[in-house]
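A.B. asks: dropping the sequence and predicted coords here.
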Amino acid sequence: MIARSIIMFMLLILVPDIYLYKQYIGARKPLWVKILWWLTTVAMIVFTMMLYMTRDFVPHPQTPLDVYIFILGAFTIPKVLLALFTFIGNRLYIRNKRLRKWCAWLGAVLGLGAVYCTIYGFTVGFHRFEVNRVEYTSNQLPKAFDGYRVAIFSDIHVGSYTGHSRYVLEQAVDSLNAMNADIIVFLGDIQNTQPADLYEFSGLLSKLKAKDGVAAVMGNHDYARYVKLDSAQKVANIYETERLERSFGWTLLLDEHTMIRRGSDSIFVAGMEGNDEIDAYFGVGNARKSMEGIPEGAFTIMLVHNPDEWERKVLPETKAQLTLSGHTHGGQVQILGLRPSMMVYDRDAGMYDEGGRQLFVTKGLGALIPMRFGATGEIVLMTLHCGNNN
């Protein structure tokens, strides 16, 4: 993870430290303060280089990376904000001397806000989730499925729920079962990086039950893309993840579909593979293949991990009326309605409509980095309703 943006991380550490040292410490503070300042800088650089040399995307165990991200949020980012606003204040000083002071104070306040967000996000924020309800109406839904209940969860990243955090996943499983849904769907990213994450949770995830079972797809983290292995080992890891999900009693849809009946009426649940890695040769989603054999006009729920696939593949290549996605985590941070994921995804959370066809993107439950602030994890109960034409 660090290796992909090593220059950015180094600049985040060094530039603010150098600037703030010149502004506030250089000629004003005693020697021991100067030594302490640079010792913390050197320690952070060494920590960064250690993670940079990690063989995989994240270290195993992942704790060093979690600690590193916490330090970035609680110490580095506040210094970035203070340095930035101090710099702005210095540029404005020639026009208004008071502006320099106010800008520095604003940077300090925002820095303290970043500290609060980080501490809260890694403690309380990540260990909470919401049970949200969504209503969906379609003129194409068969009458027998009016009131059909779909429980939705995604991005559980079970490797982040080890130890004392396990109770969150236990509560989520209990809540999903308590919904008494007709079907439970899982939208991918069951693991952080490798199937070994799943072993201690097999019994827990096997407890999920619904009248029409549990349907699932795989996400980008489920395709061994974040571990340094040769091709054969990667494929073996992927097959192991698939085997484990099926061992839970789940129906894993890999460019496939399943039919659900209610009397003489039926609907279909289709699922696309979720490997969106550049130049991927294995597990790339095929929308057309997932729909093969579904009668023209039949009501279809498409499960796809990455919401971008809705516009790229589902809309142009299928007639699926409702698509369910995860992947974005709702940005994990939301402040004043703004989320980082908005800069990356056109559709990052909630319900979207395009020509009478809908996409719902859940914020998911967990995350690789165990931190959430304002974008609380969720499980969702979606109730389907028939439109006026039925």
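C.D. replies: Received the coordinates, thanks.
A.B. asks: and the strands in the stretch 1-150 of the chain, which stretches?
C.D. replies: 129-138, 149-153 (DSSP state E, counting those that start in this stretch).
A.B. asks: nearest residue to the middle of the protein?
C.D. replies: Central residue of the chain (CA atoms, centre = their mean): His329, 3.2 Å from the mean position.
A.B. asks: contacts only, for it.
C.D. replies: Listed by CB atoms under 8 Å, 6 or more residues apart in numbering, the contact set of His329 reads Asp155, Ser341, Lys363, Gly364, Ala367, Arg372, Ala375. The way it works is simple: take the backbone N, C-alpha and C, and place the C-beta from them, glycine included.
A.B. asks: can I get the strands of the stretch 1-150 of the chain in a markdown table with mean pLDDT and mean neighbour count?
C.D. replies: Shown next, in a markdown table, are the strands of the stretch 1-150 of the chain (pLDDT from 0 to 100; neighbours: other CB atoms under 10 Å):
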| stretch | mean pLDDT | mean neighbour count |
| --- | --- | --- |
| strand 129-138 | 97 | 15 |
| strand 149-153 | 98 | 24 |
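A.B. asks: just send those back as CSV, with distance to Leu51 too.
C.D. replies: Putting the strands of the stretch 1-150 of the chain into CSV (distance: least, CB to CB, whole Å) gives the following:
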stretch, distance to Leu51
strand 129-138, 29
strand 149-153, 30
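A.B. asks: the closest residue to Phe70 other than its chain neighbours and Val115: what is the separation?
C.D. replies: Distance criterion CB to CB, 6 or more residues apart in numbering; nearest residue to Phe70, sequence neighbours excluded, is Phe122 at 5.6 Å. Distance of Phe122 to Val115, computed by CB to CB, to the nearest Å: 11 Å.
A.B. asks: of those two, who's got more company?
C.D. replies: Set Phe122 next to Val115 and count neighbours by other CB atoms under 10 Å: Phe122 wins out with 21 against 14.
A.B. asks: circling back: specify which member of the contacts of His329 is nearest to Asp146.
C.D. replies: Asp146 lies nearest to Lys363 out of the contacts of His329, by CB to CB, at 27.3 Å.
A.B. asks: contacts only, for the residue nearest to Leu112 when sequence neighbours are not counted.
C.D. replies: With sequence-adjacent residues excluded and distances taken as CB to CB, 6+ apart, Leu112 is closest to Pro78, at 6.9 Å. Shown in contact with Pro78 (CB under 8 Å, 6+ apart): Leu110, Gly111, Leu112, Ala114, Val115.
A.B. asks: thinking the first one is in contact with Phe85, fair?
C.D. replies: Yes. Leu110 is within contact range of Phe85, at 7.2 Å (criterion: CB atoms under 8 Å).
A.B. asks: more neighbours: which of those two?
C.D. replies: Legend: neighbour count by other CB under 10 Å for Leu110 and Phe85, higher for Phe85 (21 against 16).
A.B. asks: which ones are touching Trp38?
C.D. replies: When contacts are counted by CB under 8 Å, 6+ apart, Trp38 is found next to Asp17, Tyr21.
A.B. asks: confidence score at it?
C.D. replies: Trp38 is assigned a predicted lDDT (pLDDT) of 95.
A.B. asks: what about it, distance to Pro78?
C.D. replies: Distance from Trp38 to Pro78, by CB to CB: 18 Å.
A.B. asks: swap in Gly283?
C.D. replies: Distance of Gly283 to Pro78, given as CB to CB: 40 Å.
A.B. asks: ok, now Tyr161?
C.D. replies: 28 Å.
A.B. asks: repeat that for Asn286.
C.D. replies: In this view, Asn286 and Pro78 are 46 Å apart by CB to CB.
A.B. asks: which parts of the stretch 101-250 of the chain are helices?
C.D. replies: 166-178, 202-205, 231-247 (DSSP state H, counting those that start in this stretch).
A.B. asks: how about residues contacting the second one?
C.D. replies: Identification of contacts with helix 202-205 by CB under 8 Å, 6+ apart yields Val158, Leu169, Glu170, Val173, Leu198, Leu244, Ser247, Phe248.
A.B. asks: again with the longest one
C.D. replies: In this structure, residues lying in contact with helix 231-247 by CB under 8 Å, 6+ apart are 190-191, 194-195, 198-199, 202, 206, 216, 218, 222-225, 227, 229, 252, 254, 282-283.
A.B. asks: just the residues you listed: which are in strands?
C.D. replies: Judged by DSSP state E, those include Ala216, Leu252 as members of strands.
A.B. asks: separate out the buried members of the contacts of helix 231-247.
C.D. replies: 190-191, 194-195, 198, 216, 218, 222-225, 252, 254, 283 (16 or more other CB atoms under 10 Å).
A.B. asks: which of these lies closest to Gly350?
C.D. replies: Taking CB to CB as the measure, Gly350 lies nearest Ala216 of the buried ones among the contacts of helix 231-247, at 21.9 Å.
A.B. asks: what about Glu240, how many residues nearby?
C.D. replies: There are 15 residues near Glu240, going by other CB under 10 Å.
A.B. asks: residue contacts, Met218?
C.D. replies: Counting by CB under 8 Å, 6+ apart, Met218 touches Gly188, Ile190, Thr241, Glu242, Glu245, Leu252, Leu254, Glu273, Gly274, Asn275, Gly283, His305.
A.B. asks: just confirm Asn275 is within a strand.
C.D. replies: No. Residue state for Asn275 (DSSP: H, G, I helix; E, B strand; the rest coil) corresponds to coil; a strand is not indicated.
A.B. asks: report the contact partners of the closest residue to it other than its chain neighbours.
C.D. replies: Leaving out its chain neighbours, the residue that sits closest to Asn275 by CB to CB, 6+ apart is Gly283, at 3.4 Å. By CB under 8 Å, 6+ apart, Gly283 lies in contact with Met218, Tyr223, Ile238, Leu254, Glu273, Gly274, Asn275.
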